[in-house]
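>>> Provided below for reference: sequence and predicted model.
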Amino acid sequence: MSFQVTVQPSGRQFSCDAGESILTAAIRAGVGLPYGCKNGACSSCKGKLVAGQVEHGPHQERALSAHEQQLGYALFCVAKPQSDVTIEAREVAGVGEIPVRKLPVRVAKLDKVAEDVIVLSLQLPANDRLQYKAGQYVEFLLRDGKRRSYSMATAPHKDEPMSLHIRHLPGGLFTDQVFTTLKERDILRIEGPLGTFFLREDSDKPIVLLASGTGFAPIKAIVEQLEHAGSTRPVTLYWGGRRPQDLYMDALCQQWQRDLPNFKYVPVVSNAQPEDQWSGRSGFVHRAVMEDFPDLSGHQVYACGAPIVVESAQRDFSAQCGLPEDEFYADSFTSEADLAKAVSDSPAS
């Protein structure tokens, strides 16, 4: 059995199998619904249920509250139709242009750039390139059907192994492997490209890039893409970490600031210790943006990193700095702990 999904205001339609989420069916059909985690831990795919019935799977309360459900909102990554449905969602242009593929990759290099961060470089099969947009991610296909998501840290035009930034989460199924047993020439399997967080190149608005921790990875790809395209748009990068050593590619960002005429870099540290001798900006990274840009009404913002950083930026930039809601693009890095919390937080339905 399958159900028909109609998207407003575009009028696009696609079929959704029984027991399948609206988002999964949309990705398969090449319909560009916005999304991030795909697991009910962020709210990127939230939209309005105009007609029909859905059943929600486990998700975090902060991603979709019971009150929002009563108002007719749905979280499409965990919403499974129980009838034909009509939804209201802002479609993302260009998502369906690139096919999602599964393919093997070989570990080319493991470079430990910080105590808890490894840059994992992957070599694709000979004479093959993975098409993607700067900012998107891939999923590693692990045993028992488990998956782990990581953003590409290299722009798609780069003629070099594709790199990902892996932060070690002790006890993590994949990160423990990366930091202990994974070695060069090992074979892994990935699926991608995925996600609707990518550079919009059809605008000339100034750009604010906001990263926390390894959320820097897709931001790096976006900067490389802007440089490759010869963009003249003003770009300001804010990168936040608890300690200075968390800004593990600070030298690269400083180099961009020297080499790129319209680029500015602002490192922000929230928990510097006396031995760090930190003399730069301190506090919450999104607050540094607000201090420098009290009016964001004419900007685009690309934010990536810890959920609390992304959510705070989205809320405060819109409410206090006048950023249009449709000019905030985000990728919230949700861990397995976040996804587990989605199950425990999920309201009964």
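Received it, and whenever you're ready, just let me know what you need. The structure displayed is predicted, hence computed values, not measured ones. Residues are numbered from 1 along each chain as shown.
>>> residue ranges with poor pLDDT in the stretch 201-349 of the chain?
334-349 (pLDDT under 70).
>>> Kindly recompute the last result at 80.
In the predicted model, the stretch 201-349 of the chain carries pLDDT under 80 at residues 332-349.
>>> Could you pull out the helices in the stretch 151-300 of the chain for me?
Using DSSP state H, counting those that start in this stretch, the helices of the stretch 151-300 of the chain run over residues 173-180, 216-228, 250-259, 285-292.
>>> Just the angle for the longest one relative to helix 250-259, thanks.
So the one you mean is helix 216-228. Counting by axes from the mean of the first three to the mean of the last three C-alpha atoms, to 10 degrees, helix 216-228 lies at 20 degrees to helix 250-259.
>>> Could you chop this structure up by domain?
Listed by automatic domain parsing, the domain ranges of the chain are 2-88, 100-194, 207-336.
>>> Including mean neighbour count and distance to R200, could these go into JSON lines?
Backbone N, C-alpha and C define where each C-beta goes, glycine included. Formatted as JSON lines, the domains of the chain follow (neighbours: other C-beta atoms under 10 Å; distance: least, C-beta to C-beta, whole Å):
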{"stretch": "domain 2-88", "mean neighbour count": "19", "distance to R200": "12"}
{"stretch": "domain 100-194", "mean neighbour count": "17", "distance to R200": "10"}
{"stretch": "domain 207-336", "mean neighbour count": "19", "distance to R200": "7"}
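>>> ok, back up a step: quick one: the helices of the stretch 151-300 of the chain as CSV, columns for distance to L124 too.
Converted to CSV, the helices of the stretch 151-300 of the chain look like this (distance: least, C-beta to C-beta, whole Å):
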stretch, distance to L124
helix 173-180, 18
helix 216-228, 16
helix 250-259, 23
helix 285-292, 33
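>>> Extract the C-alpha set from the longest strand seen in the chain and format it as CSV.
As assigned by DSSP state E, the longest strand anywhere in the chain is strand 101-114. What follows is strand 101-114, C-alpha atoms only, in CSV (Å, rounded to 0.1, in the frame of the first residue of the first chain):
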residue,chain,number,x,y,z
ARG,A,101,24.6,6.8,-4.3
LYS,A,102,26.2,4.0,-2.2
LEU,A,103,29.8,3.3,-2.9
PRO,A,104,33.0,1.9,-1.3
VAL,A,105,35.8,4.2,-0.2
ARG,A,106,39.4,3.5,0.8
VAL,A,107,41.0,5.3,3.8
ALA,A,108,43.8,7.4,2.3
LYS,A,109,45.0,9.1,5.4
LEU,A,110,44.2,9.7,9.1
ASP,A,111,45.6,13.0,10.4
LYS,A,112,45.2,13.8,14.1
VAL,A,113,44.8,17.6,14.1
ALA,A,114,43.7,17.8,17.8
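>>> residues in contact with it?
118-125, 128, 130, 141, 161-162, 165, 178, 182-192, 245-246, 248-249 (C-beta atoms under 8 Å, 6 or more residues apart in numbering).
>>> So which of these belong to strands?
Among the contacts of strand 101-114, the members falling in strands are 118-123, 141, 162, 165, 187-192 (criterion: DSSP E).
>>> Tell me the one of these nearest R233?
Nearest to R233 among those: H165, at 24.5 Å, using C-beta to C-beta.
>>> what sits against the closest one?
113, 117-120, 150-151, 153, 214, 216-217.
>>> my read: G280 touches S270, true?
No. In this structure G280 lies outside contact range of S270 using C-beta atoms under 8 Å: 11.4 Å.
>>> Isn't K46 up against A74?
Yes. In this structure, K46 is within contact of A74 by C-beta under 8 Å, at 7.2 Å.
>>> Which residues are in contact with each of those two?
Counting by C-beta under 8 Å, 6+ apart, the residues touching both K46 and A74 are L64.
>>> and Q320, which of the helices of the stretch 151-300 of the chain is closest to it?
helix 285-292 (6.5 Å).
>>> which helices and strands does the very next helix or strand once past that closest one pack with?
Downstream of helix 285-292, the first helix or strand assigned by DSSP states H and E is strand 300-305. Using 3 or more C-beta pairs under 8 Å, 6 or more residues apart in numbering; DSSP states H and E, the elements in contact with strand 300-305 are strand 207-212, helix 216-228, helix 307-321, strand 328-332.
>>> now strand 300-305: how far from the chain's centre is it?
Distance of strand 300-305 from the chain centroid (C-alpha atoms, centre = their mean, to the nearest Å) equals 9 Å.
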